[in-house]
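# the amino acid sequence is not available; the structure is as follows:
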């Protein structure tokens, strides 16, 4: 089981989809989206978001790994329903 593995859930998506889902769970309006070309970002952030690609977890799953929460919706729902985040 050696090698390099992408660690991502079963539903890769753009970051804004995760933010919208988190806001929905919290029953708040998501922050407004900003235009990428005019958004203030460090050069490192701009490089990351400009080249951000979807990845597959097929290799790690083929090796037998099973995620406790197979997608971001399930993991966000678990975090929101639990007491861990409330301190």
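Looks like it arrived, so ask away. None of these values were measured; they are calculated from a predicted model.

# can you list the low-confidence ranges for the chain?
The chain contains residues with pLDDT under 70 at 1, 52, 83-87.

# past the helix ranked longest in it, which element shows up next along the chain?
Ranked by residue count, the top helix of the chain under DSSP state H comes out as helix 15-26. Per DSSP states H and E, the first helix or strand lying C-terminal to helix 15-26 is helix 43-51.

# give the buried residues for the next helix or strand after that following helix.
Per DSSP H and E, the first helix or strand lying C-terminal to helix 43-51 is helix 58-62. Neighbour-count burial for helix 58-62, with 16 or more other Cβ atoms under 10 Å as criterion, is recorded at residue 60. (Each C-beta comes from the backbone N, C-alpha and C, glycine too.)

# helix or strand right after helix 58-62?
Next element after helix 58-62 (DSSP H and E): helix 72-81.

# centre of the chain to that next one, how far?
11 Å (Cα atoms, centre = their mean, to the nearest Å).

# one more: stretch 38-45?
Counting by Cα atoms, centre = their mean, stretch 38-45 comes out at 19 Å from the chain centroid.

# just use 241 as the starting number from now, easier for me
In the new count, where the first residue is 241, that last one comes out as stretch 278-285.

# between the two ends of it, how far is it?
13 Å (Cα to Cα, to the nearest Å).

# residues making contact with it?
Stretch 278-285 is contacted from outside by residue 289, using Cβ atoms under 8 Å, 6 or more residues apart in numbering.

# still on that earlier bit, can you list the buried residues in the longest helix of the chain?
For helix 255-266, by 16+ other Cβ under 10 Å, it's 260, 261, 262.

# ok, and what's touching that helix?
269, 270, 271, 273, 289, 292, 312, 313, 316, 317, 320.

# that one: how far from the chain's middle?
Worked out by Cα atoms, centre = their mean, helix 255-266 lies 10 Å from the chain centre.

# specify the angle between that helix and helix 312-321 in degrees.
40 degrees (axes from the mean of the first three to the mean of the last three Cα atoms, to 10 degrees).

# what angle sits between helix 255-266 and helix 283-291?
90 degrees.

# rewinding a little: so which of the buried residues of helix 255-266 comes closest to residue 246?
Distances from residue 246 to the buried residues of helix 255-266, taken as Cβ to Cβ, are shortest for residue 261 (21.1 Å).
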